[in-house]
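# got a predicted structure plus its sequence, pasted below:
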Amino acid sequence: MLAQLLYIVVPEFFGTAAKAGPSHVVLWMLAVALFFVPLSFVVAQLNRRMPLEGGLYEWARLAFGDAIGFLVAWNLWLYAVIYMALAGLITTSFVAYAVGPNAAWMVTSKWLALVVSCVLILTMVLLARAGFAIAKWVTNAGAVFTLIVLASLVMTPLLQAHGPAARFNPLRLVIPPLSVFTLSVFSKMTFGALCGFEYIAIFAAECRSPERNLPRSVILTSPVIVLVYVLGTSAVLYFSTPEAVDVVATIPQALSRSFHSFGLAKTIVPLSILMLLVNYLATFNINFNGCSRLPMVAGWDHLLPEWFTRLHPKHKTPVNSIAFAGAIAMVASIAALTGVAEQEAFELLLVWAFAFYATAYLALFAIPLLAGKKLGIHVPAWLRIGALSGLAMTVLYIVLSVFPIIDVQSNWKYSVKTTAVILGANLVGIAIYRWRGTREPLAAP
């Protein structure tokens, strides 16, 4: 449950939702009804029927064959690696907020962001090599700290004794304007903020009773996640306007303003921000472990070279796959920071990562629609309708991901770059799969 909460509650999407202004509550409600609820039931069903190491990759491979399974794993792997490339930008922004105005230079220093990225990626590599004996405690700490910080943020407006506090209404319903910008924000709130329930299933073989505990974790954490997102976004907007929200460090920005009126900012804010930073480090840890398992499992299925299946003699972790993922994450960090401002670099990495994730989700929602009979899974009509709704929301996210929600140097360059990365990466994945098909099958490890 802590892993699910940590993985799905993504702090940067509070800033995305805040861009919608007071209409965010209605948009959250629509996102939950059209995407989150269907996702919860689809993942719970698949977890119960196929508790396999590799999660969505194995579900898609068994449902649609090796080629689709490989592309799903490829997109999930790209998502995890590119998301890791955000580490430097996020860490420098959070530390700058914790230190105060004297550290403002850190936010605009690309060299510092690159150095921090490399150090953090190396740390993730070492943690991944050591396995979950250590990593699970990082995950648990990140989840607990996140809930504490967000609870503090939500409670602060309610504790205000004067000013506009009486007007604080976290559940205010405002009809959103119909525009491309609103649809773009909505798609990011829907998929970006609420996806992830299936990711923990990658570690099914490393969990106790996964066919029972994974579905339970999905059902029990769903209402908590929704409540945290709605109340947290309202608290952010209480202390900032949609235009002034910092999409890189939304929560630190709100925390610094929330505790300022109490005269406690100098002591509480740095501690809260550093606690929230643990969330990112713990999430990166899960992502990195996940992306290292995918090439290993694909190697077991003879879809990648046996080199990726080599295990650490003591910890039994895929050492070669981990090293390869770390190297690609460093390259992605350098590429994203080249020639653009830090906010645009952050938005590009975030959009690219979740666009790859969304591409894999096309297979997730297609399984109950097209392959239920093949897998021996009874799919009632209501679940088919939910899967169709989830599929439509995923397609909407992919299409609208090319439209920026922040000011960028060039809108058309942003769109062209995003489209080229998504299509180009998948063409590379197809080429790798076909190349592997010309090789002799490997013996199972």
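Received the coordinates, thanks. It should be emphasised that the depicted structure is a prediction, and the values quoted were computed from it without experimental measurement. Numbering: from 1, shown residues only.

# show me how far the strand or helix carrying residue 135 is from its chain's centre.
If you go by DSSP states H and E, residue 135 is part of helix 132-159. Centre-to-centre, helix 132-159 and its host chain are 17 Å apart (C-alpha atoms, centre = their mean, to the nearest Å).

# which strands or helices does that helix pack on?
For helix 132-159, the packing partners by 3 or more C-beta pairs under 8 Å, 6 or more residues apart in numbering; DSSP states H and E come out as helix 2-8, helix 110-130, helix 210-239, helix 250-258, helix 265-300. (C-beta placed from N, C-alpha, C; glycine too.)

# which one of those lies closest to residue 416?
helix 110-130 (22.1 Å; C-beta to C-beta).

# neighbouring contacts of the closest one?
Applying C-beta atoms under 8 Å, 6 or more residues apart in numbering, the contact partners of helix 110-130 are 84-85, 87-89, 91-92, 106, 134-135, 138, 281, 284-285, 288-289, 292, 312, 315, 317, 319, 322-323, 325-326, 329-330, 333-334, 337, 342.

# buried subset of those residues as a ChimeraX selection?
In ChimeraX, a selection of the buried entries from those looks like this (16 or more other C-beta atoms under 10 Å):
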select :84,85,87,88,89,91,92,106,135,138,281,284,285,288,289,292,317,319,322,325,326,329,330,333,337,342
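
# please flag which of the contacts of helix 110-130 sit within helices.
Using DSSP state H, 84, 87-89, 91-92, 106, 134-135, 138, 281, 284-285, 288-289, 292, 319, 322-323, 325-326, 329-330, 333-334, 342 are the members of those that sit in helices.

# got the buried residues for the helix holding residue 135?
For helix 132-159, a neighbour-count test (16+ other C-beta under 10 Å) marks 132, 135-136, 138-139, 141-147, 149-150, 152-154, 156-157 as buried.

# angle of that helix against helix 250-258?
40 degrees (axes from the mean of the first three to the mean of the last three C-alpha atoms, to 10 degrees).

# how close does the residue nearest to residue 49 when sequence neighbours are not counted sit to residue 225?
Distances taken as C-beta to C-beta, 6 or more residues apart in numbering place residue 377 nearest to residue 49, at 5.4 Å, with adjacent residues excluded. Separation of residue 377 from residue 225 (C-beta to C-beta, to the nearest Å): 25 Å.

# do me a favour and average the pLDDT over the helix holding residue 135.
Taken as a whole, helix 132-159 has a mean pLDDT of 81.

# who has more neighbours out of residue 377 and residue 225?
Higher neighbour count among residue 377 and residue 225: residue 225, with 21 against 17, using other C-beta atoms under 10 Å.

# the more buried one reaches residue 195, doesn't it?
No. Shown here, residue 225 and residue 195 do not form a contact pair, counting by C-beta atoms under 8 Å, at 11.2 Å.

# follow-up on the earlier one: of the helices and strands packed on helix 132-159, which approaches residue 50 most closely?
helix 210-239 (8.6 Å).

# go through that closest one and flag the buried ones.
So for helix 210-239, counting by 16+ other C-beta under 10 Å, buried means 210, 213-215, 217-218, 221-222, 225-226, 228-239.

# distance between the lowest-mean-pLDDT helix or strand in the chain and the chain's centre?
Lowest on mean pLDDT, DSSP states H and E among the helices and strands of the chain sits helix 105-108, with a mean of 72. Computed by C-alpha atoms, centre = their mean, the chain-centroid distance of helix 105-108 equals 24 Å.

# all the helices of the stretch 301-445 of the chain, in order from the start?
Shown for the stretch 301-445 of the chain, the helices assigned by DSSP state H, counting those that start in this stretch span residues 319-336, 342-370, 372-375, 381-400, 411-437.

# let me see the mean pLDDT of the helix or strand encompassing residue 58.
According to DSSP H and E, residue 58 maps onto helix 56-64. Averaged across helix 56-64, pLDDT comes to 90.

# again with stretch 88-99
Average pLDDT, stretch 88-99: 76.

# number the residues from 24 up from this point.
Noted, 24 is the first residue going forward, which turns the last one into stretch 111-122.

# what does it contact?
Stretch 111-122 has contacts (C-beta under 8 Å, 6+ apart) with 35, 126-127, 129-130, 132, 135-141, 143, 269, 271-272, 275-276, 278-279, 292-293, 296-297, 299-300, 303, 356, 360, 365, 368-369, 372.

# can I get the buried part of those residues as one ChimeraX selection?
Buried residues among the contacts of stretch 111-122 (16+ other C-beta under 10 Å), as a ChimeraX selection:
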select :35,129,130,135,136,137,139,140,141,143,269,271,272,275,276,278,279,292,293,296,297,299,300,303,356,360,365,368,369,372
